[in-house]
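Undergrad: 3D model of this:
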Amino acid sequence: MDDQQRLAAYVEVWWEAIGDLVALLDDLPDEEWSTPTDLPGWDVQAVASHIAHLESILAGGPEETAEIGEPAHVTGFLGAYTEIGVVTRRDRTPREIVEEIRTATTARHEALLADPPTDAAAKPEVIFGGVPWSWETLLRNRPLDVWMHEQDVRRAVGRPGGMDGAPARHTAEYLAESLGYVLAKKVGAAPGTTAVLEMEGSAPFAFAVNEAGRGERLASPPAAADVTLRMDRESFICLAGGRRPAPGSVSVVGDDDLGQRMLGAMATTP
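TA: Predicted coordinates for the structure are as follows:
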């Protein structure tokens, strides 16, 4: 698959994630928009406002400014930046926020189809917050962000679903790639240590710590890994996304201490 085909595939899965999120938000009564989510300080409206903020900028809208104060849940530049979109939409109705998402993403989708990016390493002309991302990073991250936040909303309002589609698989397998970093850097496993993730709905992910102390992905699981983590997709998403304890069964095979430390350090995305 060449760059253009791979980037087009990211666009397709992002567009599916947007459709799922908009359908969910359309179906929520206004009173559920104030329901707290797993994200500290953010209710359903804040999550939807965040998506509207980023997608509007990517569609060509202006950067926004706002006085956000010093909320306890905001840490670092990215947190402060994303809070702007929440603050600037506090007085908007749920329907206005949904329509903003629908309008911005439709315009952006049409633009990406009319003039598709062809060089994964090139920098997009428009990007939020001035982050130095390539087309590869931007387009690969958007389905993850949208789908993770759809799940935040679903857990908040008690409407499970969306775990089996292309956005779910894209996100879970993208996050699974970070386990080499968890094993080598966050847990500090010694060179030669191996770990395998067996997650429902995906092929196993295997990693080893190399002599330079980096976690590298293996082409296939070793015959006897030091530790194997087994779980369903939703449990992995909750752990890797730093959301809440795994809602399903999680088992550790092999080195239990290493496995428990990996589970405790698995969160790699806000």
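Undergrad: residues in contact with L197?
TA: For L197, the contacting residues are 176, 179, 204-206, 228-229, 236, by CB atoms under 8 Å, 6 or more residues apart in numbering. In short, each C-beta sits where N, CA and C put it, glycine included.
Undergrad: low pLDDT regions in the stretch 151-270 of the chain?
TA: 270 (pLDDT under 70).
Undergrad: can you give me the helices in it?
TA: 166-176, 179-181, 233-240, 256-264 (DSSP state H, counting those that start in this stretch).
Undergrad: Tabulate those (JSON lines), appending distance to T106 and mean neighbour count.
TA: Output for the helices of the stretch 151-270 of the chain, formatted as JSON lines (distance: least, CB to CB, whole Å; neighbours: other CB atoms under 10 Å):
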{"stretch": "helix 166-176", "distance to T106": "18", "mean neighbour count": "21"}
{"stretch": "helix 179-181", "distance to T106": "36", "mean neighbour count": "21"}
{"stretch": "helix 233-240", "distance to T106": "27", "mean neighbour count": "23"}
{"stretch": "helix 256-264", "distance to T106": "40", "mean neighbour count": "16"}
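Undergrad: quick one, which of those helices is nearest to I51?
TA: helix 166-176 (13.1 Å; CB to CB).
Undergrad: packing partners for that closest one?
TA: Helices and strands touching helix 166-176, by 3 or more CB pairs under 8 Å, 6 or more residues apart in numbering; DSSP states H and E, are helix 3-27, helix 135-157, strand 194-199, helix 233-240.
Undergrad: Need the residues that contact stretch 157-174.
TA: The contact list for stretch 157-174, computed with CB under 8 Å, 6+ apart, reads 12-14, 16-17, 20, 24, 28, 32, 35, 44, 140, 143-144, 146-148, 150-151, 153-154, 199, 201-202, 205, 233-234, 236-237.
Undergrad: Stretch 67-77 now?
TA: Stretch 67-77 is contacted by residues 39-42, 79-80, 83-84, 87, 129 when judged by CB under 8 Å, 6+ apart.
Undergrad: go again using 7 Å as the cut-off
TA: Residues outside stretch 67-77 that contact it (CB atoms under 7 Å, 6 or more residues apart in numbering) are 40-41, 80, 83-84, 87.
Undergrad: and if you look at stretch 224-241?
TA: By CB under 7 Å, 6+ apart, stretch 224-241 touches 148, 151, 163, 168, 171-172, 175, 193-201, 206, 244, 246-255, 258-259, 262-263, 266-269.
Undergrad: Mind checking which of these are buried?
TA: By neighbour count, with 16 or more other CB atoms under 10 Å, the contacts of stretch 224-241 hold 148, 151, 163, 168, 171-172, 175, 193-199, 206, 246, 250, 252, 255, 258-259, 262-263, 266-269 as buried.
Undergrad: hang on, A121 in a strand?
TA: No - using DSSP: H, G, I helix; E, B strand; the rest coil, the assignment for A121 is coil, not a strand.
Undergrad: Relative to V13, how far out is it?
TA: Relative to V13, A121 is positioned 20 Å away (CB to CB, to the nearest Å).
Undergrad: More neighbours: these two, which one.
TA: Between A121 and V13, counted using other CB atoms under 10 Å, V13 has the larger neighbour count: 23 against 9.
Undergrad: circling back: how about JSON lines for the helices and strands packed on helix 166-176, with distance to N210 added?
TA: Shown next, in JSON lines, are the helices and strands packed on helix 166-176 (distance: least, CB to CB, whole Å):
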{"stretch": "helix 3-27", "distance to N210": "26"}
{"stretch": "helix 135-157", "distance to N210": "24"}
{"stretch": "strand 194-199", "distance to N210": "11"}
{"stretch": "helix 233-240", "distance to N210": "22"}
